[in-house]
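Engineer: Dropping a prediction and its sequence here:
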Amino acid sequence: MSATHTKALAAAGLTLALAAPSQAGFEIDITDNDKLIFGGYIKMDARYVDGDVAYRDFWIGTGTPLEEDASQFRIFANETRFNTKYIHGDVTGFIEMDFLGGGGNEVISNSFHPRIRHAFISYKGVTAGQTWSTIMNTSAIPETADFAGATVGLAFIRQGQIRYSTGGFAVSIENPESWGGDTSNDRLPDVIAKYTLKGDWGNVSLAGLGRELNTNGGNRETAFGGSLAARINTFGKSDLRLQLHYGELGRYISVGGAQDLVGEEVETVTAYLAAYRHFWTDTLRSTFLYGRVETDEANIDNDQWSVNVFQDLNKFLSVGFEVGNFAMNESDADSYYGQFSMRYAL
């Protein structure tokens with residue numbers, strides 16, 4: 001690569017999957033048709049949890065009830081991530097990794113394994129590889145210190161897929177997985193279709209899922225579900241983010257909150273999320289959110305609320321503090337948490 005063909009630009013924006021303050025990247029022009037873009041962020045979290053749901057670095061759709069209250073404090077940086085985008089004309093390749101792959105301990109080095117988040121190829125409307133499921137509307141994920149925030153009410157899953165997109169319409173075939181059943185006989189891909197309507201007011205998406213599930217008893221069950229999500233601009237830079245999911249959605253919703261199958265029965269899930277982000281100034285903002293998931297077969301009833309404040313110290317560095325509660329209502333257990341975060345966008 002010659003010096004005349006290489007230059008670094010700090011203003012190249014990268015669209016990351018989760019809502020976040022200003023993201024930046026470094027772009028290298030190799031030729032007129034070839035580029036490399038490097039991005040990501042470094043994130044430090046200090047988290048305190050108190051109650052009778054066991055500590056987690058971030059809440060998911062389920063938890064572990066405790067017989068007695070417990071309190072735990074941790075400082076960690078394993079949400080840190082980096083990504084690379086390769087562009088050659090109409091072809092784009094994207095790879096992203098973080099350090100939530102496990103393996104860490106408090107005894108010696110706090111080492112954590114890197115893991116792949118995204119790895120896909122895009123060409124003329126076709127996306128192939130691993131990335132967010134087509135059922136998701138990533139713009140409707142709230143900005144939180146707790147990773148992803150109120151996952152009890154979110155559609156949230158990454159997996160292998162082949163997707164075709166044109167205009168606001170997208171259709172995909174994606175990895176099957178009969179969670180709670182016989183995964184060795186998952187013979188057909190899941191099929192997802194979504195339409196997204198966009199405007200100056202924001203966007204709203206409607207998605208449908210159809211798939212075949214295999215029970216441990218040898219039965220094949222057909223499952224269907226729907227998802228509605230939106231991000232609506234309100235006043236100035238503020239916005240409202242909404243998600244509503246209903247049907248036999250299982251593992252697509254609530255990050256572990258609902259299985260696909262419970263015994264020989266297909267689980268029916270109802271989940272929703274509402275989050276309002278208010279900008280107090282151009283650099284100071286807060287998000288108020290509530291999310292819930294309920295299921296019919298396993299009788300799951302979990303919810304989470306939180307409120308936070310984030311301040312951009314400059315274009316690349318932001319700090320935030322968040323308080324909230326995660327509750328497992330069917331187990332009469334809940335925990336409160338407080339979390340301070342500092343994020344440096346690369």
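Structural biologist: Here it is on my side, so go on. Numbers count the residues shown, from 1 in each chain.
Engineer: And the lengthiest strand in the chain, what does it pack against?
Structural biologist: For the chain, the strand with the greatest residue count under DSSP state E is strand 34-53. Where contact means 3 or more Cβ pairs under 8 Å, 6 or more residues apart in numbering; DSSP states H and E, strand 34-53 is packed against strand 25-29, strand 65-76, strand 81-88, strand 317-328, strand 333-345. Heads up, the C-betas are built off the backbone N, CA and C, glycines and all.
Engineer: And the second one, what's buried?
Structural biologist: Okay, so that is strand 65-76. Buried residues in strand 65-76, defined by neighbour count with 16 or more other Cβ atoms under 10 Å: residue 76.
Engineer: Neighbouring strands - and their directions - for that strand?
Structural biologist: If you go by DSSP bridges, strand 65-76 pairs up with strand 34-53 (antiparallel).
Engineer: do the last one as well
Structural biologist: With DSSP bridges as the criterion, the sheet partners recorded for strand 333-345 are strand 34-53 (antiparallel), strand 317-328 (antiparallel).
Engineer: out of those strands, which comes closest to residue 198?
Structural biologist: strand 34-53 (23.6 Å; Cβ to Cβ).
Engineer: how far does the closest one sit from the chain's center?
Structural biologist: 12 Å (Cα atoms, centre = their mean, to the nearest Å).
Engineer: before we move on, what about stretch 120-135?
Structural biologist: Distance of stretch 120-135 from the chain centroid (Cα atoms, centre = their mean) equals 16 Å.
Engineer: Contacts for that stretch next, please.
Structural biologist: When contacts are defined by Cβ atoms under 8 Å, 6 or more residues apart in numbering, stretch 120-135 is touched by residues 17, 90-94, 116, 118-119, 138, 155, 157-166, 170-172, 174, 192-194, 207, 209, 227, 252.
Engineer: What residues sit buried inside stretch 298-305?
Structural biologist: Neighbour count says stretch 298-305 has 298, 300-304 buried, by 16+ other Cβ under 10 Å.
Engineer: Give me the residues contacting it.
Structural biologist: Residues contacting stretch 298-305 (Cβ under 8 Å, 6+ apart): 59, 61-63, 150-153, 254, 257-259, 262, 267, 289-294, 324-330.
Engineer: And the average pLDDT for it is what?
Structural biologist: Looking at stretch 298-305 alone, the average pLDDT works out to 97.
Engineer: repeat for stretch 311-327
Structural biologist: For stretch 311-327, the per-residue pLDDT averages 97.
Engineer: could you pull out the strands for the stretch 51-200 of the chain?
Structural biologist: 65-76, 81-88, 91-98, 115-123, 126-132, 158-166, 169-174, 190-199 (DSSP state E, counting those that start in this stretch).
Engineer: Among those strands, which comes closest to residue 236?
Structural biologist: Closest approach to residue 236 among the strands of the stretch 51-200 of the chain (Cβ to Cβ): strand 190-199, 17.3 Å.
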